[in-house]
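Trainee: Just the structure for this:
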Amino acid sequence: MDKRHKTLGEFIIENQSSFQYSSGELSKLINAIRLAAKVVNHEVNKAGLIDILGAAGDTNIQGEDQQKLDVLANEKFIQTLKNREIVCGIASEEEDDFISINSQDEQHQNKYIVLIDPLDGSSNIDVNVSVGTIFSIYRRVTPVGTPVTIDDFLQPGDNQVAAGYIVYGTSTMLVYTTGDGVNGFTLNPAIGTFYLSHPNMQFPETGKIYSVNEGNYIHFPQGVKDYIKYCQQEEGDRPYTSRYIGSLVSDFHRNMIKGGIYMYPKSSKASEGKLRLLYECNPMAFLAEQANGKASDGKGRIMALKPTELHQRVPFFCGSTKMVEKAEEFIANALK
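Mentor: Model (predicted):
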């Protein structure tokens, strides 16, 4: 059978043995995320037909206005993961604190925790621009049989056992890794099945796209300003093309396919950066490194950072290896 005709379910079963903890739990967990993604995809596609556009009237723990679809996606993913009784804890970008989950049969016997950004880029929903979901999976570090604690969630990215995203765009794709490469699956909406469409995804070593909110240019550190000017200079294969969607999932997905760098540096408006280490940067860094790319905070590997709080923010530079290294070089030179 052509591997591109393989369903996500078949792929998970066939590749389960390549995962070091092949008890079947992780496979069930990926399947639960697949189910929740289909539910959220259905709701996203109804946007404009029913009252799920616009602000919900609340703010999340980040101080950001919640969109109605933020709330809906958050509820659907948490509900689906709880119902499957696979995880012992969930942390969401939309929740103040982590959620501890008991198994009905045996107290706290599950081994995995999930961190999730239920609807990345949701402010784009009202204008019909691609949005996404980002997820990160770890094995708990506290003893099985006890309630999860904050220590289970404050693990460095290097401890991730799986990570991925769903992009709800012109087609809906689920892209994930368990540490053995990156594979993408496209949803056939007619039958509700994900099929392997992008096997062994890889970042080109370099690219011609840079993705950054240049409206914040005046607030960026000097090294970042210098790198942006470098991208704009007419020399060799430059100037590069500026492409910024404003949905991390969409910008990352395009750059992985075409080659490019995504940047969200710290600034005078956001001294620690804006993106969340646990819900956005770590999972995307895991995917990038598994796809021959690189992810950095401007100084070193994102996944080497030891988190100190659940909603910690960090600067983020991610994409084609040579482009990220060049950005790091400009940042280092500006500090000399």
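Trainee: Tell me which helix or strand the residue nearest the centre of the chain sits in.
Mentor: By CA atoms, centre = their mean, the chain has its centre lying nearest to Ile134, at 3.5 Å. Using DSSP states H and E, Ile134 maps to strand 131-139.
Trainee: And that strand, what does it pack against?
Mentor: helix 25-45, helix 68-83, strand 112-120, strand 162-168, helix 248-258, helix 282-290 (3 or more CB pairs under 8 Å, 6 or more residues apart in numbering; DSSP states H and E). For every residue, glycine as well, the C-beta is placed using N, CA and C.
Trainee: okay, the angle between it and helix 68-83?
Mentor: Between the axes of strand 131-139 and helix 68-83, defined by axes from the mean of the first three to the mean of the last three CA atoms, to 10 degrees, the angle is 30 degrees.
Trainee: Numbering from 15 from now on, please.
Mentor: Happy to do that; since the first residue is 15 now, the last one works out to strand 145-153.
Trainee: And strand 145-153, how far out from the chain middle?
Mentor: Distance of strand 145-153 from its chain centroid, counting by CA atoms, centre = their mean, to the nearest Å, is 5 Å.
Trainee: Ala302 contacts Lys308, correct?
Mentor: Yes: between Ala302 and Lys308 there is a contact under CB atoms under 8 Å: 6.2 Å.
Trainee: Mutual contacts of these two, please.
Mentor: The contact sets of Ala302 and Lys308 overlap at 332-333 (CB atoms under 8 Å, 6 or more residues apart in numbering).
Trainee: Between these two, which is the more surrounded one?
Mentor: The residue with more neighbours, out of Ala302 and Lys308, is Ala302; 27 against 22, by other CB atoms under 10 Å.
Trainee: Follow the chain on from the strand holding Ile148 and name the next helix or strand.
Mentor: Strand 145-153 is succeeded, C-terminally, by helix 164-167 (DSSP H and E).
Trainee: Format the CA atom coordinates belonging to that next one as PDB.
Mentor: The C-alpha coordinates for helix 164-167 follow below in PDB (Å, rounded to 0.1, in the frame of the first residue of the first chain):
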ATOM      1  CA  ILE A 164       3.700  21.400  39.500                       C
ATOM      2  CA  ASP A 165       7.000  19.500  39.200                       C
ATOM      3  CA  ASP A 166       5.400  17.200  36.600                       C
ATOM      4  CA  PHE A 167       4.700  20.300  34.400                       C
END
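Trainee: Output the contacting helices and strands for that helix.
Mentor: Against helix 164-167 (3+ CB pairs under 8 Å, 6+ apart) you get strand 101-106, strand 126-134.
Trainee: Try it again at 7 Å.
Mentor: strand 126-134 (3 or more CB pairs under 7 Å, 6 or more residues apart in numbering; DSSP states H and E).
Trainee: List the residues that contact Phe330.
Mentor: Phe330 sits next to 278, 287, 289, 295, 311, 316 when contact means CB atoms under 7 Å, 6 or more residues apart in numbering.
Trainee: hmm, 10 Å instead?
Mentor: Residues near Phe330 by CB atoms under 10 Å, 6 or more residues apart in numbering: 262, 276-280, 287-291, 294-295, 298-299, 309-312, 316.
Trainee: quick one: the residue nearest to the centre of the chain and Pro297 touch, right?
Mentor: Yes: if you go by CB atoms under 10 Å, Ile148 and Pro297 touch, sitting 5.3 Å apart.
Trainee: what do these two both touch?
Mentor: 129-131, 177-179.
Trainee: Redo the residues you listed as CSV? Include distance to Val226, neighbour count and pLDDT.
Mentor: Output for the shared contacts of Ile148 and Pro297, formatted as CSV (distance: CB to CB, whole Å; neighbours: other CB atoms under 10 Å; pLDDT from 0 to 100):
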residue, distance to Val226, neighbour count, pLDDT
Leu129, 25, 27, 97
Ile130, 25, 27, 97
Asp131, 20, 29, 96
Ala177, 23, 25, 97
Gly178, 24, 25, 97
Tyr179, 20, 26, 98
